[in-house]
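Undergrad: Sharing a sequence plus its predicted fold:
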Amino acid sequence: MKLKPDVSILTSFLFILDIDYPHDDAVVEFICSSNINDKEELLGVFYRVVKPEYECCTEDEKKWLIDTLRFYLKRGEAFESVFDRRNLLFSEKVVDGRKFMETLLESLIGCR
């Protein structure tokens, strides 16, 4: 079944990085100390924190998430609506939402 791209799934998926997500102290410290605007550090967070959540998704959900990221990146989306709805644990704000999502896409494709 082909699911249509939906930006709201990105907001939901990124709850794993939200301040309200129940992480243990070591994970919170790791996320908070990582530079959200540095690609390598962001990839480290994605592989350590996001990858296990992604691996729990069904194949259809994984495809939907990747297809959604590709669709909105191709459209030129800045993803402001996603970041406005999330209070991320990082100590800094996202400077470039597109770069963040491109890095997320890269990490998710690397998990497949």
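TA: Received it, and whenever you're ready, just let me know what you need.

Undergrad: CA atoms for contacts and neighbours, from now on please.
TA: OK.

Undergrad: What mean pLDDT does stretch 93-103 get?
TA: Stretch 93-103 shows a mean pLDDT of 97.

Undergrad: I would like the residues contacting that stretch, please.
TA: When contacts are defined by C-alpha atoms under 8 Å, 6 or more residues apart in numbering, stretch 93-103 is touched by residues 36-37, 39, 42-43, 69, 73, 77-80, 83.

Undergrad: If any of the residues you listed are buried, give me the PyMOL selection for them.
TA: Selection of buried members from the contacts of stretch 93-103 for PyMOL, criterion 16 or more other C-alpha atoms under 10 Å:
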select buried, resi 36+37+42+43+69+73+78+79+83
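
Undergrad: Narrow the contacts of stretch 93-103 to those in strands?
TA: The strands in this structure, assigned by DSSP state E, contain none of the contacts of stretch 93-103.

Undergrad: what's the burial count for residue 107?
TA: 19 (other C-alpha atoms under 10 Å).

Undergrad: which parts of the strand or helix carrying it are buried?
TA: Assigned by DSSP states H and E, residue 107 belongs to helix 97-111. For helix 97-111, burial by neighbour count (16+ other C-alpha under 10 Å) applies to 97-101, 103-105, 107-108.

Undergrad: Could I get those residues in CSV, plus columns for distance to residue 51?
TA: Below are the buried residues of helix 97-111 laid out as CSV (distance: C-alpha to C-alpha, whole Å):
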residue, distance to residue 51
97, 19
98, 19
99, 18
100, 15
101, 14
103, 13
104, 10
105, 11
107, 8
108, 7
